[in-house]
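Peer 1: Build me a model from this:
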Amino acid sequence: MQIVIAILAFCVIIIIHELGHFTAAKLCGIQVNEFAIGMGPVILRKKGKETNYVIRLLPIGGSVSMEGEQDSSDNPRAFNRKPVWQRMIVILAGPIMNLILGFFVAMIYVCTISNIGTTTVSVVNDIPGITSQLMVGDEIVSVENTTVWTTFDIQYKMQNNGGRTDENGNLLLDFKVKRGGEVITLKDVQFKVETDDNGNSDVIYSFYVQPLERNFLTVIEYSGRETASISRMIMFTLADLFKGKYGLKDLSGPVGTVTVVSQSVSYGLPSFCYLFAFITINVGVFNLLPIPALDGCRFLFLLIEAIRRKPLKPEIEGVVHLVGFGLLMVLMLVVTFGDISKLISGGFN
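Peer 2: Predicted coordinates for the structure are as follows:
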């Protein structure tokens with residue numbers, strides 16, 4: 001049952017993305033020839049007034065095929081015949097819908113967790129050998145020069161720190177806090193680090209934050225903060241990936257994603273909702289990157305067209321997207337193989 005829920009959740013994310021393209025295309029008067037969910041052989045096809053609705057065997061993607069999208073068309077309703085700003089809207093609609101979905105799922109998450117943490121310090125614990133500079137009432141503005149929007153931002157920066165330590169092995173972090181209406185900098189705030197027998201290190205939190213009073217406005221605000229926080233964290237992770245901090249073994253494809261989502265179901269609705277929001281926001285952010293075959297690259301070509309006032313040769317764009325799609329498929333195969341290997345060895349537990 002958990003696997004079924006995970007696959008359905010994955011399909012919802014895909015459908016929402018493609019519905020974004022589809023709806024925007026229809027509103028702009030573009031002829032949509034096919035709306036497809038999945039990849040591979042067709043298992044179900046239904047003919048609409050002008051659109052074929054298709055379900056394919058593998059639920060790992062989807063597509064909206066528009067008249068004049070790949071080749072030039074004289075049809076007045078063709079994609080290539082529409083103003084560049086309308087085509088930009090159609091291309092961006094998919095990832096934006098993923099971000100909107102992430103916001104609404106984040107709202108469910110915020111409504112189902114027992115407490116919503118703020119960024120204001122409520123308790124400071126005394127830990128032997130630690131002299132904390134934080135004080136009750138401090139509103140944490142940033143950690144290590146990264147602006148803090150949610151409690152998760154604080155946790156993320158403390159766990160993904162620069163590794164600065166003092167002579168006793170205590171972690172050192174720079175904070176900016178608002179205290180008495182003034183923003184002050186706290187240099188080298190100390191946190192104790194404990195290491196287990198396996199060499200794994202954990203930062204010991206010496207403070208707690210105040211809970212948020214939950215009402216309609218605070219739920220809306222915090223859900224927006226969570227969406228922005230997750231989006232930024234994904235960008236940080238992608239940057240670390242390109243810097244070589246993470247390798248292919250750290251990536252997960254559809255198999256790994258479904259496995260982790262199915263595991264989150266057993267932990268309850270809040271865990272499932274947070275992971276669901278994370279994945280759909282990840283899909284939205286990743287698709288906005290200017291990588292060939294992704295929406296971000298298609299938007300980049302349209303932006304170049306708007307600046308040049310004429311499109312690039314379709315052959316050039318076609319080759320770029322074809323090569324990009326091929327490389328993405330190779331990457332997906334490699335990552336999927338790694339997912340299956342982890343699944344067999346119990347690496348997802």
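Peer 1: Extract the C-alpha set from the helix or strand harbouring residue 60 and format it as CSV.
Peer 2: Applying DSSP states H and E as the criterion places residue 60 in strand 52-66. The C-alpha trace of strand 52-66 is given here as CSV (Å, rounded to 0.1, in the frame of the first residue of the first chain):
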residue,chain,number,x,y,z
ASN,A,52,-4.8,12.7,-27.6
TYR,A,53,-4.7,11.9,-23.9
VAL,A,54,-2.1,9.1,-23.4
ILE,A,55,-0.8,7.1,-20.5
ARG,A,56,2.5,5.3,-21.0
LEU,A,57,4.0,2.3,-19.2
LEU,A,58,6.7,4.0,-17.1
PRO,A,59,5.5,6.7,-14.7
ILE,A,60,8.8,8.7,-14.9
GLY,A,61,7.9,11.7,-16.9
GLY,A,62,5.3,13.2,-19.2
SER,A,63,5.0,15.6,-22.2
VAL,A,64,2.7,18.1,-23.8
SER,A,65,3.1,18.0,-27.6
MET,A,66,2.1,21.3,-29.2
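Peer 1: Tell me the first helix or strand C-terminal of that strand.
Peer 2: Next element after strand 52-66 (DSSP H and E): helix 84-112.
Peer 1: now for that following helix, which elements pack on it?
Peer 2: If you count contacts as 3 or more Cβ pairs under 8 Å, 6 or more residues apart in numbering; DSSP states H and E, helix 84-112 packs onto helix 2-27, helix 216-243, helix 269-287, helix 295-308. (C-beta placed from N, C-alpha, C; glycine too.)
Peer 1: and the longest one, how far out from the chain's middle?
Peer 2: In terms of Cα atoms, centre = their mean, to the nearest Å, the centre of helix 216-243 is set 8 Å apart from its chain centre.
Peer 1: now the first one
Peer 2: How far helix 2-27 lies from its chain's middle: 15 Å, per Cα atoms, centre = their mean.
Peer 1: Just the angle for it relative to helix 295-308, thanks.
Peer 2: 20 degrees (axes from the mean of the first three to the mean of the last three Cα atoms, to 10 degrees).
Peer 1: in stretch 82-100, what counts as buried?
Peer 2: Buried positions in stretch 82-100, judged by neighbour count with 16 or more other Cβ atoms under 10 Å: 82, 86-100.
Peer 1: same question, stretch 143-158
Peer 2: Result for stretch 143-158 [16+ other Cβ under 10 Å]: buried residues 143, 146, 148, 149, 150, 151, 152, 153, 154, 156, 157.
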